[in-house]
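**Student:** Make a model of this:
(4 chains)
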Number of protein chains: 2
Amino acid sequence: MKDMNRSDHIINVANRLILEKGYSAFSYADVAAEIGIQKASIHYHFPSKANLVQNVVGRYRQEVRANLSKLDSLTNDPREKLEQYLSYWEASLQSKATDICLCAQLASEIPILPEEVTREIRGHFRDITDWLVRLLRDAAAENRFAGGEAPINEMAHSILASIHGGLLASRAFNDARQFSMVKNRLMSLINGKTTVAK
Amino acid sequence: MKDMNRSDHIINVANRLILEKGYSAFSYADVAAEIGIQKASIHYHFPSKANLVQNVVGRYRQEVRANLSKLDSLTNDPREKLEQYLSYWEASLQSKATDICLCAQLASEIPILPEEVTREIRGHFRDITDWLVRLLRDAAAENRFAGGEAPINEMAHSILASIHGGLLASRAFNDARQFSMVKNRLMSLINGKTTVAK
DNA sequence: GTCTATAGCCCGATAGAC
DNA sequence: GTCTATCGGGCTATAGAC
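**Tutor:** Numbers count the residues shown, from 1 in each chain, chains lettered A, B, ... in the order given. Here you go, the predicted structure:
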């Protein structure tokens, strides 16, 4: 965090400000003031607001993909994977109520977002949904999927919706327990590994 | 819709613009232009933006409460109630992708909203959650709650989160089917009435 | 109740010196 | 790469005529 080039620093600050205020309400002036430079300097690195935000969301997607890959390499247990993923958000909310998913935050402004940003947001939603589909298939293959006859695809979309809604509610009430309730329900969808055959 | 006093007309237009652009991006100028009056005229009816939006959300809450009461009086079947409620949003999304829940839309801007607006949003979330709790209790009383041992309160919060996330996703992809998938999953939580004992 | 006019501020973006 | 200065425009809100 200490040695950071200017572009990365700008992206970091912009990311946080978007989570706090949304796309329309955060400004070059906000970012500049916090870093201690002038607005014009930001335009040198990111010529337009649309360009800046596209870079912010692009980096967010990169990080998320890296984290999910790491999670996939750490364990093969689908329940454990889901637990880790949900715990990440739970911990994030506990430390700072505004720390929700960048794309869930931006999604509510989609009608006024530049097209290149909208594309990134949709791409992110597909990334997570695909990951959830693979996770649920793994669980189903081990007969540990507790969703009955529910189609996997439908279930994956529904899980993502719960997560986003839960993040939003947690922030609205400044209370991480709103998300924890969602987490509890979601975890019940995948049964634990039975170590001893019955 | 024809005979409408000026205040109601302003509230209607503001409501739609908030759904399209959010709190920070919609303006008195937008509303004035669409109605065909001047910005200053709006300030006569609603002295500040905070006041205007509080009135918009206040009226929304009134309407929702009235609709839920009506729904409660039309049927005692919890499954039928949930179906009707979810179908309302499904139809709304099919006719216009931006027509999501006003409070779900505003929730993402909570950190920058005037306190009186935040209070209304939280109140609305509690209204719906309470309604869902009653609905789930009714279902449980008839042994038609399919959520196993899940605590009713946790389930109600989780359902509301799914709904909000589903609305957001539908709008993000401009595709009502995103919400329909959530609806299908939610409907499976309450069993149908068995007309003949097995 | 609606208008014109305007105050005072913030916005994204650009030009050009250094 | 960063700065100062500025353009052209948007914003909320108010004053005061009608």
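**Student:** how about the residue nearest the centre of chain A, what does it touch?
**Tutor:** For chain A, the residue nearest the mean C-alpha position is A:Cys101 (3.5 Å; Cα atoms, centre = their mean). Each residue near A:Cys101 by Cβ atoms under 8 Å, 6 or more residues apart in numbering or on different chains is listed here: A:Trp89, A:Ile163, A:His164, A:Leu167. For glycine as for every other residue, the C-beta is placed from the backbone atoms N, C-alpha and C.
**Student:** let's see it at 6 Å
**Tutor:** A:Leu167 (Cβ atoms under 6 Å, 6 or more residues apart in numbering or on different chains).
**Student:** How about A:Lys81?
**Tutor:** Going by Cβ under 6 Å, 6+ apart, A:Lys81 touches A:Leu71, A:Leu135.
**Student:** Which elements pack onto the strand or helix carrying A:Ile10?
**Tutor:** If you go by DSSP states H and E, A:Ile10 is part of helix A:6-21. Helix A:6-21 sits against helix A:28-35, helix A:39-45, helix A:49-74, with contacts defined as 3 or more Cβ pairs under 6 Å, 6 or more residues apart in numbering or on different chains; DSSP states H and E.
**Student:** Including distance to DNA strand D and mean neighbour count, could those go into TSV?
**Tutor:** Below are the helices and strands packed on helix A:6-21 laid out as TSV (distance: least, Cβ to the nearest atom of the strand, whole Å; neighbours: other Cβ atoms under 10 Å in any protein chain shown):
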stretch	distance to DNA strand D	mean neighbour count
helix A:28-35	7	16
helix A:39-45	3	14
helix A:49-74	12	16
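**Student:** Residue numbers of chain A in contact with chain B?
**Tutor:** A:20-22, A:24-25, A:98, A:105, A:107-112, A:154, A:157-158, A:161-162, A:164-166, A:168-169, A:172, A:181-182, A:184-185 (Cβ under 6 Å from any Cβ of the partner chain).
**Student:** Please list only the buried members of these.
**Tutor:** Buried subset of the residues of chain A next to chain B (neighbour count, 16 or more other Cβ atoms under 10 Å in any protein chain shown): A:20-22, A:24-25, A:98, A:105, A:107-111, A:154, A:157-158, A:161-162, A:164-166, A:168-169, A:172, A:181-182, A:184-185.
**Student:** which residues touch A:Leu135?
**Tutor:** Applying Cβ under 6 Å, 6+ apart, the residues near A:Leu135 are A:Pro78, A:Lys81.
**Student:** For chain A, what lies in contact range of DNA strand C?
**Tutor:** Taking Cβ under 7 Å from any atom of the strand as the contact definition, chain A meets DNA strand C at A:Phe26, A:Ser27, A:Tyr28, A:Ala29, A:Asp30, A:Lys39, A:Ala40, A:His43, A:Pro47, A:Ser48, A:Lys49, A:Ala50.
**Student:** please redo it, this time with the cut-off set to 10 Å
**Tutor:** A:17, A:21, A:23-33, A:38-44, A:46-53, A:114 (Cβ under 10 Å from any atom of the strand).
**Student:** what does stretch A:172-189 contact?
**Tutor:** If you take Cβ under 6 Å, 6+ apart as the criterion, stretch A:172-189 is touched by A:86, A:90, A:93-94, A:97, A:146-147, A:159, A:162, A:166, A:169-170, B:107, B:110, B:154, B:157-158, B:161.
**Student:** coming back round to it: quick one: the helix holding A:Ile10 to chain centroid distance?
**Tutor:** On the basis of Cα atoms, centre = their mean, to the nearest Å, helix A:6-21 sits 15 Å off its chain's mean C-alpha point.
**Student:** can I get the CA coordinates of it in CSV?
**Tutor:** Taking C-alpha atoms only, helix A:6-21 is exported to CSV below (Å, rounded to 0.1, in the frame of the first residue of the first chain):
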residue,chain,number,x,y,z
ARG,A,6,-0.3,7.2,-9.1
SER,A,7,-2.8,5.4,-11.4
ASP,A,8,-3.3,2.6,-8.8
HIS,A,9,-3.7,5.1,-6.1
ILE,A,10,-6.4,7.0,-8.0
ILE,A,11,-8.2,3.7,-8.7
ASN,A,12,-8.1,2.8,-5.0
VAL,A,13,-9.6,6.1,-3.9
ALA,A,14,-12.2,6.1,-6.7
ASN,A,15,-13.2,2.6,-5.8
ARG,A,16,-13.9,3.6,-2.2
LEU,A,17,-15.7,6.8,-3.1
ILE,A,18,-18.0,4.9,-5.6
LEU,A,19,-18.9,2.5,-2.8
GLU,A,20,-19.7,5.5,-0.6
LYS,A,21,-21.5,7.8,-3.0
